[in-house]
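Trainee: Mind folding the following:
(2 chains)
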Protein chains: 2
Amino acid sequence: MIKINDNFCELPASYLFSDVAKRINAFKAEHPDVEIIKMGIGDVTQPICPAAIQAMENAVADQADRVTFHGYGPEQGYDFLRRRIVDVDYRSRNIDIDIDEIFISDGAKSDTGNIGDILSTDCKVAVTDPVYPVYVDTNVMAGRAGHLVDGRWSRIEYLPCTAENGFIPSLPKDNPDVIYLCYPNNPTGTTLNRSQLEKWVEYAKDNNALILFDSAYEAYITEPDIPHSIYEIPGAKEVAIEFRSFSKTAGFTGLRCGYTVVPKELKGLSKNGDEVSLNALWNRRQCTKFNGASYIVQRAAEALYSTKGRHQVKETIAYYMRNASLLRNGLSAAGLEVWGGVNAPYIWVKTPGGLSSWEFFDLLLEKCGIAGTPGVGFGPSGEGYFRLTAFGRYEDTVAAVERLSSLKLNK
Amino acid sequence: MIKINDNFCELPASYLFSDVAKRINAFKAEHPDVEIIKMGIGDVTQPICPAAIQAMENAVADQADRVTFHGYGPEQGYDFLRRRIVDVDYRSRNIDIDIDEIFISDGAKSDTGNIGDILSTDCKVAVTDPVYPVYVDTNVMAGRAGHLVDGRWSRIEYLPCTAENGFIPSLPKDNPDVIYLCYPNNPTGTTLNRSQLEKWVEYAKDNNALILFDSAYEAYITEPDIPHSIYEIPGAKEVAIEFRSFSKTAGFTGLRCGYTVVPKELKGLSKNGDEVSLNALWNRRQCTKFNGASYIVQRAAEALYSTKGRHQVKETIAYYMRNASLLRNGLSAAGLEVWGGVNAPYIWVKTPGGLSSWEFFDLLLEKCGIAGTPGVGFGPSGEGYFRLTAFGRYEDTVAAVERLSSLKLNK
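Mentor: Residues are numbered from 1 along each chain as shown, chains lettered A, B, ... in the order given. From the prediction side, this is the model:
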């Protein structure tokens, strides 16, 4: 038999969202009459906006005619989309990004998962804690994580984000090479303001670290002092790769499109001591292991940047943020302590009365028929917390808040 | 600066198809009046069939309505598509494949590139030569290839396929763990018949090797004794992963959809000596680093299995195979020795008069305005050969054959 990648054996067999699904199914079997409101997985519920639908209709028609038919596209994505990204997402914020620093993909999960391909397996990794599990699990698969000991990977530095530090992670102590930052944050819904993010860029410069900045939720920012892109911070192009997604911005979770920015200023070191462009490495990786995102979906993404598209995207985001506000208020009124929901579609709840994340999961499911995500599923510092998403339908969110009001809590 | 994946530094800077594009552009600049017929990159030219277009129109409409909206799909693909694959591509050939052995993806390039994630970097690799460059380059990136010495990677076993052995590779001698086989073959257009493929399955069983079987071109098979799937060979489920693509079957190069079959019988060995299911590993890999193929494209793929869809797919394949036949005859009439084009859309040509692959590339471009692909770009045993594709338009193929007839060859 052939030898497998043994790092996979380090991964625990279970997975957060499948565990959640199992408990929900068990509850359903026992309580077939209860209509469960699902506020767990961060999936959207509103349809694709008309501008993107129209663009897809046109793109489908293109594929039906041999004159307008599009076969293989560029692995890096079509220029029609990359140009809009450069202009609207960056240059309009006075950020100078070139078109060949933009790599279109089938989503930020793929990119944040695959980016490790271009980095040494020796690199030391730091993550904020709690954290999106993909960052950790993909490093386990690559052999960078070490062993799981008491819920922590031995070679990963955890940077706790809890109520005690106002969800502002301390700078690393173990001199990591790679630091994952996700702001607005999944799962806590919290943000870093400009001066807080500046410290990270400065730290990365001073310590030769690479920041992998996931800004999949930037479209949800409402406050002025919160950077939408890490490149708003001077010097960030020398230290950061940025991941973006249309999944949450425009409901593309089922369409699949995102992009990654790898500035040409970014350099890595080969073992011969040569400086190597990370942009060139990622380009090579994508050209070799990826064949471009679907033409139809790239046309849909392009349409989001039209005047109509931008307006429609804003409307849908406002819809979800109304949910977020409702949820925040409802949870507070029920006597719970909450964060997030102001610049992000996630609400992070402190479990009451010292309940564990899973105990609160069960309580909320049993008393209110609401399914969320136990905070501990996102990392050890998530214990004692709970995530709810604002991506539900408005009427379900209203119903959830009503059910929460009946919750008798022993604080 | 952070340490990069040094294996990338082993890769030569240039890439076959970009080199080809450069020479074409240089020729164009010097001969602006010549209409170049491009028969190099294996991209399709015919539009998507009406059944798939209709399915995409419906799927786009689904995404416009919150009741029919589809968000995140299963990472493994939708059951509506996996079921059709199981029934039509396998059970109808008396192959027993389960639905959870099918993994839908954004294409066979991604899957053949990413499959290495689940295998040990110690695995020894064998490839037929010439070969689809992705197999080799992704193993270079993973550190399995060693160093490039005189056009050959030091840790890869090359199995030459040339006119001398009738393009039938010998069984390996260096006891590889992983063997890439692509049949019908890209680039040579040749095939293995049932008894020839049986020897490979037997070899893999006897030698604990894993066969990575790429059958992206199976829809082009016209002869009865050529297996469409390696699983037509008894016992293959214990030794082979199969890759399929809708790119060439139905012109999905721009839509992006393929699938990979990982049978549950397939086991690998962990360093503790435990048997590990490759199906479980690939499932974990896909769930962690991939978020499913686009809903719209999966609906298009589903439609290919309808009665109408199957008929339309066959028509387009017949269109390309008419090109293949024309090209074969035209090249033969011009005095060239050719293979392929009977069960595959590729024609493999012996360069005349001892010309190198690149010399013949230049000759064909200059004398006939035809751009193909130099065989040496696919590996050292491709030297002295040349690939032409039948994916062009019929009228261009006719024009190409006419130009070929004026070619004065010194055999």
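Trainee: going forward, measure contacts and count neighbours with C-alpha atoms only.
Mentor: Fine.
Trainee: And for the residue of the stretch 151-300 of chain A found nearest chain B, the neighbour number?
Mentor: When scored by C-alpha to the nearest C-alpha, the stretch 151-300 of chain A has residue A:254 as its residue closest to chain B, at 4.2 Å. For residue A:254, the neighbour count with other C-alpha atoms under 10 Å in any protein chain shown is 23.
Trainee: what's the domain layout of chain A?
Mentor: Listed domain ranges for chain A are A:14-43+A:309-405, A:52-305 (source: automatic domain parsing).
Trainee: In contact with the residue of the stretch 151-300 of chain A closest to chain B, which residues?
Mentor: Contact partners of residue A:254, counting by C-alpha atoms under 8 Å, 6 or more residues apart in numbering or on different chains, are A:247, B:70-73, B:293-295.
Trainee: Where does the residue nearest to it when sequence neighbours are not counted sit: helix, strand or coil?
Mentor: The shortest distance from residue A:254 to any non-neighbouring residue, by C-alpha to C-alpha, 6 or more residues apart in numbering or on different chains, is to residue B:71 (4.2 Å). At residue B:71 the chain is in coil, as set by DSSP: H, G, I helix; E, B strand; the rest coil.
Trainee: I'd say residue B:71 and residue A:41 touch.
Mentor: No - if you go by C-alpha atoms under 8 Å, residue B:71 and residue A:41 don't touch, sitting 10.9 Å apart.
Trainee: Those two: which is more packed in?
Mentor: residue B:71 (22 against 17).
Trainee: for residue A:386, which residues make a bridge with it?
Mentor: residue A:349, residue A:374 (DSSP bridges).
Trainee: I'd like to know how far it sits from chain B.
Mentor: Going from residue A:386 to chain B by C-alpha to the nearest C-alpha, to the nearest Å gives 22 Å.
Trainee: Contacts only, for that residue.
Mentor: Residue A:386 neighbours (C-alpha under 8 Å, 6+ apart): A:348-351, A:357, A:360-361, A:372-376.
Trainee: And for residue A:279?
Mentor: Neighbours of residue A:279 in contact, by C-alpha under 8 Å, 6+ apart: A:101, A:262-264, A:266.
Trainee: go again using 10 Å as the cut-off
Mentor: A:100-103, A:118, A:241, A:261-268, A:285 (C-alpha atoms under 10 Å, 6 or more residues apart in numbering or on different chains).
Trainee: Could you do residue A:323 as well?
Mentor: By C-alpha under 10 Å, 6+ apart, the neighbours of residue A:323 are A:317, A:329, A:341, A:345, A:389-398, A:401.
Trainee: got it, and residue A:271?
Mentor: A:120, B:3-6, B:9.
Trainee: Is it possible to get JSON lines of those residues that adds distance to residue A:231?
Mentor: Formatted as JSON lines, the contacts of residue A:271 follow (distance: C-alpha to C-alpha, whole Å):
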{"residue": "A:120", "distance to residue A:231": "24"}
{"residue": "B:3", "distance to residue A:231": "22"}
{"residue": "B:4", "distance to residue A:231": "22"}
{"residue": "B:5", "distance to residue A:231": "25"}
{"residue": "B:6", "distance to residue A:231": "27"}
{"residue": "B:9", "distance to residue A:231": "28"}
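Trainee: Could you look up the SS state of the residue of the stretch 151-300 of chain A closest to chain B?
Mentor: When classified by three-state DSSP, residue A:254 comes out as coil.
Trainee: What of residue A:225?
Mentor: Applying three-state DSSP: residue A:225 is coil.
Trainee: burial count for it?
Mentor: Neighbours around residue A:225, by other C-alpha under 10 Å: 11.
Trainee: What count of nearby residues applies to the closest residue to residue A:75 other than its chain neighbours?
Mentor: With C-alpha to C-alpha, 6+ apart as the criterion, residue A:75 has its nearest non-adjacent residue at 4.1 Å, and that residue is residue A:292. Other residues lying near residue A:292 total 27 when counted by other C-alpha under 10 Å.
Trainee: Check the gap between residue A:292 and residue B:214 for me.
Mentor: From residue A:292 across to residue B:214, the span is 20 Å (C-alpha to C-alpha, to the nearest Å).
Trainee: what's the answer for residue A:48, then?
Mentor: Distance from residue A:48 to residue B:214, by C-alpha to C-alpha: 36 Å.
Trainee: Show me which of the two is the more surrounded one.
Mentor: residue A:48 (29 against 25).
Trainee: Could you look up the SS state of the more buried one?
Mentor: Strictly by three-state DSSP, residue A:48 counts as coil.
Trainee: Residue B:67 is in contact with that one, correct?
Mentor: No - contact criterion C-alpha atoms under 10 Å: residue A:48 and residue B:67 do not qualify, at 11.7 Å.
Trainee: how many neighbours does residue A:164 have?
Mentor: Neighbours of residue A:164 (other C-alpha under 10 Å): 8.
Trainee: Quick check: it vs residue A:336, distance?
Mentor: 16 Å.
Trainee: do the same with residue A:374
Mentor: 15 Å.
Trainee: still on that earlier bit, just give me the closest of the contacts of residue A:254 to residue B:384.
Mentor: Nearest to residue B:384 out of the contacts of residue A:254 is residue B:293 (C-alpha to C-alpha; 39.4 Å).
Trainee: got the residues of the stretch 251-400 of chain A near chain B?
Mentor: Contact residues, the stretch 251-400 of chain A versus chain B (C-alpha under 10 Å from any C-alpha of the partner chain): A:251-257, A:266-278, A:280-281, A:284-297, A:393.
Trainee: swap in the stretch 101-250 of chain A?
Mentor: Taking C-alpha under 10 Å from any C-alpha as the measure of proximity, the stretch 101-250 of chain A contacts chain B at A:106-114, A:116-124, A:133-138, A:141-142, A:176-178, A:204-205, A:207-210, A:238-239, A:247.
Trainee: Can you flag which of those residues belong to helices?
Mentor: Counted as lying in helices by DSSP state H, out of those, are A:108-114, A:133-138, A:141-142, A:204-205, A:207, A:247.
Trainee: Mind checking which of these are buried?
Mentor: A:108-114, A:134-138, A:141-142, A:204-205, A:247 (16 or more other C-alpha atoms under 10 Å in any protein chain shown).
Trainee: so what's the spatially most central residue of chain A up against?
Mentor: The centroid of chain A falls nearest to residue A:216 when counting by C-alpha atoms, centre = their mean (4.9 Å). By C-alpha under 10 Å, 6+ apart, residue A:216 lies in contact with A:107-109, A:182-186, A:228, A:242-249, A:258-259.
Trainee: hang on, residue A:39 packs against residue A:391?
Mentor: Yes - between residue A:39 and residue A:391 there is a contact under C-alpha under 10 Å: 7.6 Å.
Trainee: what touches both of those two?
Mentor: A:346, A:397.
Trainee: Run through chain A and note the low-pLDDT ranges.
Mentor: Scanning chain A for pLDDT under 70 picks out A:408-411.
Trainee: in it, which spans are helices?
Mentor: If you assign secondary structure with DSSP H, the helices in chain A sit at A:7-10, A:16-30, A:50-63, A:79-84, A:108-114, A:133-142, A:194-207, A:246-250, A:278-289, A:295-303, A:307-333, A:357-368, A:394-405.
Trainee: Does the first one reach chain B?
Mentor: Yes - taking C-alpha under 10 Å from any C-alpha as the criterion, helix A:7-10 and chain B are in contact, through A:7-9.
Trainee: Excluding sequence neighbours, find me the nearest residue to residue A:217.
Mentor: residue A:184 is the one closest to residue A:217 (C-alpha to C-alpha, 6+ apart), at 5.7 Å.
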